[in-house]
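Trainee: What follows is a predicted structure for the sequence shown.
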Amino acid sequence: MRWSQTYIPTLRENQSEAELVSHQLLLRAGYIRKLSSGIYLYLPLMQRVIEKFSQIVREEMNSAGALEITMSVLCPAEVWQESGRYNTVGKEQMRMKDRHGHDMVLCGTHEETVTTLIRGEIKSYRQLPLNLYQIQVKFRDEIRPRFGLMRGREFIMKDAYSFDASEESFAQSYKKMVDAYFRIFTRAGLDVVKVESDTGAMGGKAAHEFMLLVDTSAGEEVIIFCDKCDYVANVEKATFRLDEKDVKEASLEQAVPVDTPGVATIEEVASFLKVPHKTLVKTLLYMADDKPVAALVRGDRELNLIKLKNATGAVELEMARPEQVVKITNAPVGFAGPVGLKDVKIVVDPLVAEMKNFIVGANENEKHLLNVNIERDFKADLTVDISLAQEGDLCPNCDGHFSTKKGIEVGNTFMLGTKYSEALGAKFLDADGKEHPIIMGSYGIGVTRTPQAALEKYSDDNGIIWPKNIAPYHVHLIPISMENEAQVETADKIYAELNKIGVDVLYDDRTGRPGVKFKDADLIGLPVRITIGDKSLKDGKVEVKARTESEMHLVALDEISKAVTDILERLN
RNA sequence: CGGGGUGUAGCGCAGUUUGGCAGCGCGCCUGCUUUGGGAGCAGGAUGUCGGAGGUUCAAAUCCUCUCACCCCGACCA
C-alpha cells in the first residue's frame, strides 16, 4: 500500500484523553479514533491488525474443529428472560424497544442466542459434539469504559460455544479450545498464562482466564502464583491454606467493653490498644439484594467481594451506606461488631473461626469489645472463605507460598455445564433413548483488546513495535526523496518484488522530509524498515533495519527478498 | 451512581482569579528555498469560547440550569 493512497492520520502530540501508553500510541499513530466514551472507530491500519489477528484466530479455531457462523447483535428480550439472565446481567446490557414496542437487547455475549439456535435441531447424541464460533461486535454498557480498546463499550470478540453429550467428551472439547488458545496467542507473539478464575455472571462450574502479564497500570487483574507448584489463579478466585501457626488453643477470657474514643479503623484501633492487626476482626456490612450481611475477616486481611457474593448467592452486593450501618448496628461506621446483631446474616471467614479472644466493634459509638469468641458471644450463619489471597499465603495444593503479578485478560474459557441448555431446553437423546441436557462450554477472545494489550509489552519511546504476525504491514519502505528518480525507481521495484512474495509493504511515497518519515515509521511500528538513499544506492545497496534493532544492514538490490524474509523469520 | 477534574481553531494549550479587540505552539493552504531523524523565510485560512437561560453598557470570564469527556471506586473480554 502506498501511503498516499491510504489514510494514516498520525499526530505529533499526545492526546489528553489517553492515559495508557498503548492507547496513546494507537491514537497518535493513526490506528483508532474515539467517537464517544468507550466507542472507537478502527482506521485502515487498525482494520488490518484486526484482520491479521482474526485470521490467526479463525485458522486455529477451524483446525480445532470449530465452525464459524455469524449471529445477530440484536436479540429479543424473551430469550434472555428464558435463561433467567435478563434479571441478573444488570445495567451493562443495552436494552431498547423496536417500533412495535417489543423489548430487545444488544448482546454482550451469545449463550442464549446460540442455545436457541441449536435447541430443537440437535436432537441426538450422534449430532454431537459441536462447536460454533463467531468473530463479531459485542456491546456492553460498561459502568466506566477506559483505556481505549481495553475496556470499550463496543468491541470485537471471538466467542465460541461447545456442545457435548458427555463429561468425557466435554473435557476433550475444552482441552481442544485451551490448546487452540495457546497456539493463537503464541502466533500473535504473546506469552500468556492460563489462570483459574471466577465464573461471574456467566455461571457454570469452572473457568479459566488467559492473561498477558504486564508491569504497567493496564494490568487490571492480580494473578496469584505458587512458587513451588503450577497453581495459578486470579486473585478473585484464589484460595489459600490456613497457616497452622494461626491455630492456637487458649482459654476463653471474659468479654469486656473498652472505650476507644475517636478510633474507628483497624489501623487506629490496633495502635490505640497496642495489639497486632491480626488480633482484631473486621466486621464489614453489605447489602445483599437489600438484606444486610455482616462479613467477618481478620484485621490484617482484605475481604474478597467475589467470594462473598458467591457465598451469599446475591445478585446485587453493595457495601452498606453509612446511614444503613447506623440502622443495623446503632453505631456510626467503624464500631460494627457481630455481638448482638439482629436480623443480620453473619458470614465468618475460616481464619476468624480459628481465633480466640479477639477484638471487635461493640455496636456502640467509640467502644470496642475485647475477648470475643464465636459460639459463646455470637453465632456464625455461614463459615466460608471470604478473604482475599495475598502475597506470602500458603498454596492450597503444596507447601509453596504465593507471589503476585498483574495481567490483562485476553481470553477466557467457561465450563458452563447445563445451565443454559436446561434453562432453554436444549436436550438430546442418548443411545438408550434417554433425554439429557447438552453440556456446554463458552470461549472468548478479545479481538480488539488483545492487540492493544500487546502494545503494553511491545513499544518504546519512539512508538509501537508490533509482533510480526499482527503488524498491519511487514515492511515500511522509505525513499529519502521522492524527487530523486533513481530512489523512486528502486523503491517501486522493491515494492513490487516484496508484494509478489507475499510480504506486506507500506510504501511511504510522500514528498516530505525524511525526518518526518522516520518518525512516523517508528511510531507506526512495522517490524522491518527499508530505507533508500543516495549514500548506499550509489553502491547498489539499500538499508534494511528491524524496528527492534538499532543497526542497519546494507543489502544489495537482488538480495532484498531474502534479507527481509530472513529478518522476519527471526523476529517475534 | 458517588468523589475529583476538563470543555476556547484539526491537535496541544494560555486567557477565567480582577468582565473591556479571542490568543500562542503545532498542523493546514500559497510561494520560494530546503531534503538522511518532526526544515527556513514570506504570506494566508480556520472559532456557536460545549449548550441554554440570566446579570451587565459590555460575558470565554460572573450567576443558574444542562450536556459531553477524562481520572478514582463498584462492573467486566
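Mentor: Cool, the structure landed.
Trainee: Count the neighbours of the residue of the stretch 451-572 of chain A found nearest RNA strand B for me.
Mentor: Closest contact between the stretch 451-572 of chain A and RNA strand B, by Cβ to the nearest atom of the strand, is at residue A:533 (1.7 Å). Where you see a C-beta, it was placed from the backbone N, CA and C, and this is true even at glycine. Residues contacting residue A:533 under the criterion other Cβ atoms under 10 Å number 16.
Trainee: what pLDDT does it get?
Mentor: pLDDT recorded at residue A:533 is 95.
Trainee: Quick one: end-to-end length of stretch A:411-431, please.
Mentor: Stretch A:411-431 has its terminal residues 35 Å apart, counting by Cα to Cα, to the nearest Å.
Trainee: buried residues in it?
Mentor: By 16 or more other Cβ atoms under 10 Å, the buried positions in stretch A:411-431 come out as A:411-424, A:426-428.
Trainee: repeat for stretch A:282-296
Mentor: A:282, A:283, A:284, A:285, A:286, A:287, A:288, A:292, A:293, A:294, A:295, A:296.
Trainee: Over to stretch A:477-493?
Mentor: With burial defined by 16+ other Cβ under 10 Å, the residues of stretch A:477-493 counted as buried are A:477, A:478, A:479, A:480, A:481, A:482, A:484, A:487, A:490, A:491.
Trainee: Give me the contacts around that stretch.
Mentor: For stretch A:477-493, the external contacting residues (Cβ atoms under 8 Å, 6 or more residues apart in numbering) are A:494-495, A:498, A:505-511, A:514, A:517-518, A:521, A:529-534, A:537, A:542, A:557.
Trainee: How about the secondary structure of residue A:488?
Mentor: Counting by DSSP: H, G, I helix; E, B strand; the rest coil, the backbone at residue A:488 sits in helix.
Trainee: show me what contacts residue A:551?
Mentor: Residues near residue A:551 by Cβ under 8 Å, 6+ apart: residue A:545.
Trainee: mind listing the helices for the stretch 1-150 of chain A?
Mentor: Under the criterion DSSP state H, counting those that start in this stretch, the stretch 1-150 of chain A contains helices at A:21-28, A:44-63, A:77-83, A:111-118.
Trainee: Equivalent analysis for the stretch 351-500 of chain A, please.
Mentor: Per DSSP H, counting those that start in this stretch, the stretch 351-500 of chain A carries helices over the ranges A:419-424, A:449-457, A:485-500.
Trainee: Run a quick neighbour tally on the closest residue to residue A:48 other than its chain neighbours.
Mentor: Spatial nearest neighbour of residue A:48, chain neighbours left out: residue A:472 (3.8 Å); criterion: Cβ to Cβ, 6 or more residues apart in numbering. The number of residues packed near residue A:472 is 26, by other Cβ under 10 Å.
Trainee: ok so, going back, out of the buried residues of stretch A:477-493, which are close to RNA strand B?
Mentor: For RNA strand B, the contacts drawn from the buried residues of stretch A:477-493 by Cβ under 7 Å from any atom of the strand are A:480, A:481.
Trainee: So which of the buried residues of stretch A:477-493 belong to strands?
Mentor: Counted as lying in strands by DSSP state E, out of the buried residues of stretch A:477-493, are A:477, A:478, A:479.
Trainee: From residue A:499, how far off is the residue nearest in space to the middle of chain A?
Mentor: Residue closest to the mean C-alpha point of chain A, counted by Cα atoms, centre = their mean, is residue A:409 at 2.5 Å. Using Cβ to Cβ, to the nearest Å, residue A:409 is found at 37 Å from residue A:499.
Trainee: Tell me what the residue lying closest to residue A:21 once chain neighbours are set aside is bridged to.
Mentor: With sequence-adjacent residues excluded and distances taken as Cβ to Cβ, 6+ apart, residue A:21 is closest to residue A:459, at 6.0 Å. Bridge pairing for residue A:459 (DSSP bridges) gives the partners residue A:464.
Trainee: residues contacting residue A:459?
Mentor: A:21, A:22, A:25, A:465, A:525.
Trainee: With distance to RNA strand B as new columns, can the residues you listed be given to me in TSV?
Mentor: Shown next, in TSV, are these (distance: Cβ to the nearest atom of the strand, whole Å):
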residue	distance to RNA strand B
A:21	12
A:22	12
A:25	11
A:465	13
A:525	11
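Trainee: can you list the helices of the stretch 1-150 of chain A in CSV and add distance to residue A:454 and mean pLDDT?
Mentor: Converted to CSV, those look like this (distance: least, Cβ to Cβ, whole Å; pLDDT from 0 to 100):
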stretch, distance to residue A:454, mean pLDDT
helix A:21-28, 8, 94
helix A:44-63, 9, 98
helix A:77-83, 33, 94
helix A:111-118, 28, 96
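Trainee: Out of those helices, flag the one nearest residue A:152.
Mentor: The minimum distance between residue A:152 and the helices of the stretch 1-150 of chain A falls on helix A:21-28, with 10.5 Å, by Cβ to Cβ.
Trainee: Between the two ends of stretch A:29-39, how far is it?
Mentor: Stretch A:29-39: ends 18 Å apart by Cα to Cα.
Trainee: buried stuff in it?
Mentor: Neighbour counts over stretch A:29-39 (16+ other Cβ under 10 Å) mark A:29, A:30, A:31, A:32, A:34, A:38 as buried.
Trainee: Spell out which parts of the stretch 451-572 of chain A neighbour RNA strand B.
Mentor: So far as Cβ under 7 Å from any atom of the strand goes, the stretch 451-572 of chain A lies against RNA strand B at A:462, A:480-481, A:483, A:511-516, A:518-523, A:531-537, A:543, A:552.
Trainee: quick one: which of the residues you listed sit in strands?
Mentor: Counting by DSSP E, those contribute A:531, A:532, A:543 to strands.
Trainee: circling back to that earlier point, as JSON lines, the helices of the stretch 1-150 of chain A with mean neighbour count and distance to residue A:135 would be great.
Mentor: Converted to JSON lines, the helices of the stretch 1-150 of chain A look like this (neighbours: other Cβ atoms under 10 Å; distance: least, Cβ to Cβ, whole Å):
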{"stretch": "helix A:21-28", "mean neighbour count": "23", "distance to residue A:135": "20"}
{"stretch": "helix A:44-63", "mean neighbour count": "19", "distance to residue A:135": "5"}
{"stretch": "helix A:77-83", "mean neighbour count": "18", "distance to residue A:135": "21"}
{"stretch": "helix A:111-118", "mean neighbour count": "22", "distance to residue A:135": "14"}
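Trainee: Kind regards, and thank you for your time.
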